[in-house]
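Enquirer: Just a sequence and a predicted model for now, questions to come.
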Amino acid sequence: MTNIDTLSVNTIRALSADMIEKARSGHPGLPLGSAAMAYELWAHHLNHNPKDPEWINRDRFILSGGHGSALLYSLLHIFGYGLTMDDIRNFRQLDSLTPGHPEYKHTVGVEATTGPLGAGMAMAVGMAMAEKRLASEFNKEDCDIIDHYTYVLGGDGCMMEGISYEAFSLAGTLGLSKLIVLYDSNRISIEGDTDIAFREDVALRFESFGFQVITVENGNDLSTISTAINEAKSDTERPSLIIVKTKIGYGCPAKEGKANAHGEPLGADNVKALKQNLGVSDKDFYVPQEVYDNAAKLVQTCEELESAWNDKLLAYFKAYPDMKERWEAFFESGKLDDRLLDESFWQFEDKPDSTRNISGILINRLKDIYPGMFGGAADLAPSTKTNMKGEGDFSRENYSGRNIHFGVRELAMAAIGNGIALHGGLKPFVSTFFVFSDYVKPMARLSALMQVPLTYVFTHDSIGVGEDGPTHEPIEQLAMFRSMPGFTVFRPADAVETACAWFYAARSKDTPVALVLSRQNLPALKNSSKEALKGGYIIEEASKEVPDCILMATGSEVALAISAKEELEKDGIAARVVSMPSFELFEAQDEEYKNSVLPKNVTKRVVIEAASDFGWGRYAGLDGRYVTMNSFGASAPAGKLFEKFGFTVDNICNTVKELF
């Protein structure tokens with residue numbers, strides 16, 4: 001350890017403590033304990049370039065313990081990512097670039113939004129998978145054009161969360177050798193010593209996953225940490241876990257090694273004692289010029305690395321001219337979007353079919369349009385119809401496979417999908433039964449928060465699941481996803497609407513999309529159209545200019561609403577049927593269009609959907625009626641269940657007549 005390295009590490013500690021103290025809010029424990037390993041990684045191992053944060057072949061670094069954000073902001077500031085000292089001073093303040101937890105797209109250099117413990121760990125697995133997939137696509141025997149590492153740092157909390165178990169089990173199975181996990185092992189959690197709830201042998205657990213495990217006994221020993229990282233990089237068969245034993249709140253005499261160092265400011269006197277103990281200036285927010293100069297020199301080396309890589313890429317395209325177009329197809333896939341306008345994408349047999357089956361047909365059309373399409377299911381591909389035919393399975397034996405077997409790991413699957421999307425160059429999708437979206441939800445929320453275009457294929461969308469019963473019949477999940485900001489939900493009624501859903505999802509650049517699909521066959525509807533891309537449209541018009549009432553439905557219930565309309569006409573009631581596959585897309589339309597579909601002067605409205613009515617009030621109005629679910633389902637053939645719960649023409653007609 002050189003003097004400048006020691007000074008840099010302790011400057012990071014002091015700067016982190018100052019941020020938290022000024023904000024009177026934050027988590028000093030992790031930054032103080034992990035500063036040495038983080039600095040060593042960034043200074044001597046991480047290939048990155050602050051002047052080009054989007055460099056495709058950069059190493060990725062994810063701070064899974066996002067509560068330690070002051071550590072990451074200190075690194076970004078010192079290494080020249082554009083965070084000013086004013087930004088550092090505004091830690092955790094309104095509209096600052098230094099929010100409480102790191103946010104992707106908000107702060108340059110932040111690779112993923114983290115905070116929910118373990119999420120960063122699983123997203124790192126996705127990034128490492130993306131690296132393997134792209135390397136298999138582009139690397140040649142004489143040229144490794146995709147060749148980078150994914151590093152993730154987290155602590156005991158990340159190791160306790162189940163998502164980490166799920167993700168790292170898959171990482172070991174896949175042999176993701178360029179995934180390196182730095183485990184800040186301080187044996188302290190918010191409630192005290194981790195022995196109260198966490199006594200397992202983490203090393204043995206990771207060895208059973210198939211990881212190389214390396215232990216660093218002294219978390220301040222930069223030389224040993226560096227040796228451990230080099231050892232991790234030298235293993236070309238296994239991912240690596242580096243257990244770094246640290247002290248939470250290191251350097252603060254009153255709080256080092258104690259639980260109260262985790263999540264509260266140290267206090268002014270303790271910050272002063274910390275700086276004195278570390279041998280750094282007692283000035284607030286002070287970074288010695290030699291620390292900046294040292295970081296700039298290290299960054300210059302990284303700039304040279306990227307420059308050499310850029311030259312290598314040009315030589316690669318010259319040696320393999322056919323690969324330039326292929327490269328653009330992966331990394332500039334928006335250029336391919338116009339191919340979705342080809343009529344062949346929209347052609348289907350005129351016969352009843354499930355929307356999950358139609359989706360499967362579309363996936364196999366899309367995979368020929370987008371070579372970067374990459375995804376799979378949580379052990380349900382035969383049921384969710386998400387297998388890309390002839391594309392092989394992604395595995396340690398075949399990283400060129402495009403079908404991912406996530407195993408029964410829904411939560412990690414969604415986070416891994418986020419990681420793949422964050423990496424860039426690929427178009428990921430994930431899939432499971434809609435009822436199991438409850439397992440997916442926390443990571444889907446991160447998809448929306450990060451604005452990543454991950455597609456969620458949810459099938460078995462209602463009580464139409466039938467005999468499997470209420471444990472497998474989603475009721476409240478549509479309302480759950482519709483309530484999420486920045487997330488688009490699409491429940492299509494037939495093949496054309498399903499094509500609209502995939503058309504939107506495939507072209508999305510900054511919005512996650514859920515396709516909610518039926519298990520049972522649905523009829524091809526005569527008037528379904530690309531108008532579904534507006535979220536809501538008139539699929540059957542009333543027999544007179546101003547309808548007497550409006551029937552609103554989605555998915556399998558649209559055909560039912562059309563049948564009810566025909567019966568109502570016999571009784572002299574002119575009903576308009578509106579298909580509403582996506583609330584979010586409908587809300588994006590202008591007021592004139594929305595009023596043309598749902599005119600304000602027609603207040604007699606009925607909602608028909610085999611799910612909770614929660615969220616429909618804005619469209620039904622105070623006088624509206626509902627043919628929806630207000631209980632869980634039951635176990636019986638689907639037809640019997642729809643009848644039992646009132647999804648019949650007679651019940652809809654009677655409900656409409658209550659309005660008159």
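Expert: Yep, that arrived. Residues are numbered from 1 along each chain as shown.
Enquirer: So which elements touch the longest helix belonging to the chain?
Expert: Ranked by residue count, the top helix of the chain under DSSP state H comes out as helix 289-319. Under the contact definition 3 or more CB pairs under 8 Å, 6 or more residues apart in numbering; DSSP states H and E, helix 289-319 sits against helix 3-23, helix 29-44, helix 69-78, helix 322-331. Where you see a C-beta, it was placed from the backbone N, CA and C, and this is true even at glycine.
Enquirer: gap between that helix and the chain center?
Expert: 30 Å (CA atoms, centre = their mean, to the nearest Å).
Enquirer: just the strands in the stretch 551-660 of the chain please.
Expert: Using DSSP state E, counting those that start in this stretch, the strands of the stretch 551-660 of the chain run over residues 575-579, 605-608, 625-627.
Enquirer: hang on, the earlier thing: mind putting the helices and strands packed on helix 289-319 into JSON lines with mean neighbour count?
Expert: Below are those laid out as JSON lines (neighbours: other CB atoms under 10 Å):
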{"stretch": "helix 3-23", "mean neighbour count": "23"}
{"stretch": "helix 29-44", "mean neighbour count": "27"}
{"stretch": "helix 69-78", "mean neighbour count": "27"}
{"stretch": "helix 322-331", "mean neighbour count": "15"}
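Enquirer: got CSV for those helices, with mean pLDDT too?
Expert: Formatted as CSV, the entries for the helices and strands packed on helix 289-319 read as follows, by pLDDT from 0 to 100:
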stretch, mean pLDDT
helix 3-23, 98
helix 29-44, 98
helix 69-78, 98
helix 322-331, 97
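Enquirer: Columns distance to residue 145 on top of the ones you listed, output as JSON lines?
Expert: Shown next, in JSON lines, are these (distance: least, CB to CB, whole Å):
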{"stretch": "helix 3-23", "distance to residue 145": "32"}
{"stretch": "helix 29-44", "distance to residue 145": "24"}
{"stretch": "helix 69-78", "distance to residue 145": "27"}
{"stretch": "helix 322-331", "distance to residue 145": "9"}
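Enquirer: Residue 99: which of those is closest?
Expert: For the helices and strands packed on helix 289-319, the distance to residue 99 is smallest for helix 69-78, at 7.4 Å, taking CB to CB.
Enquirer: what's the domain layout of this protein?
Expert: With domains defined by automatic domain parsing, the chain comprises 3-302, 333-516, 531-657.
Enquirer: what's the offset of the second one from the middle of its chain?
Expert: In terms of CA atoms, centre = their mean, the centre of domain 333-516 is found 13 Å from the chain centre.
Enquirer: One more: the first one?
Expert: For domain 3-302, the gap between its own C-alpha mean and the chain's C-alpha mean amounts to 20 Å (CA atoms, centre = their mean).
Enquirer: again, but for the last one
Expert: When C-alpha coordinates are averaged (CA atoms, centre = their mean), domain 531-657 and its chain have centres 32 Å apart.
Enquirer: That one - what's its average pLDDT?
Expert: For domain 531-657, the mean pLDDT works out to 97.
Enquirer: hang on, isn't residue 188 packed against residue 259?
Expert: Yes - the pair residue 188 / residue 259 is scored as a contact, 5.5 Å apart, by CB atoms under 8 Å.
Enquirer: now the strands: where do they sit in the stretch 201-350 of the chain?
Expert: 212-216, 240-245.
Enquirer: returning to that earlier point: could you check the angle the longest helix of the chain makes with helix 3-23?
Expert: Between helix 289-319 and helix 3-23, the angle comes out at 100 degrees (axes from the mean of the first three to the mean of the last three CA atoms, to 10 degrees).
Enquirer: Helix 289-319 to helix 322-331, inter-axis angle?
Expert: Helix 289-319 and helix 322-331 meet at an angle of 130 degrees, taking the same axes, to 10 degrees as the criterion.
Enquirer: circling back: arrange the domains of the chain in TSV, one row each, with distance to residue 312 as further columns.
Expert: Below are the domains of the chain laid out as TSV (distance: least, CB to CB, whole Å):
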stretch	distance to residue 312
domain 3-302	7
domain 333-516	17
domain 531-657	42
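Enquirer: closest to residue 314 out of these?
Expert: Residue 314 lies closest, by CB to CB, to one member of the domains of the chain: domain 3-302, at 10.8 Å.
Enquirer: Span of the closest one from start to end?
Expert: Start-to-end span of domain 3-302 (CA to CA, to the nearest Å) is 22 Å.
Enquirer: What residues of stretch 173-187 count as buried?
Expert: Within stretch 173-187, the residues that qualify as buried are 174-187, counting by 16 or more other CB atoms under 10 Å.
Enquirer: cool, and stretch 464-476?
Expert: Counting neighbours by 16+ other CB under 10 Å, stretch 464-476 gives 464-466, 472-475 as buried.
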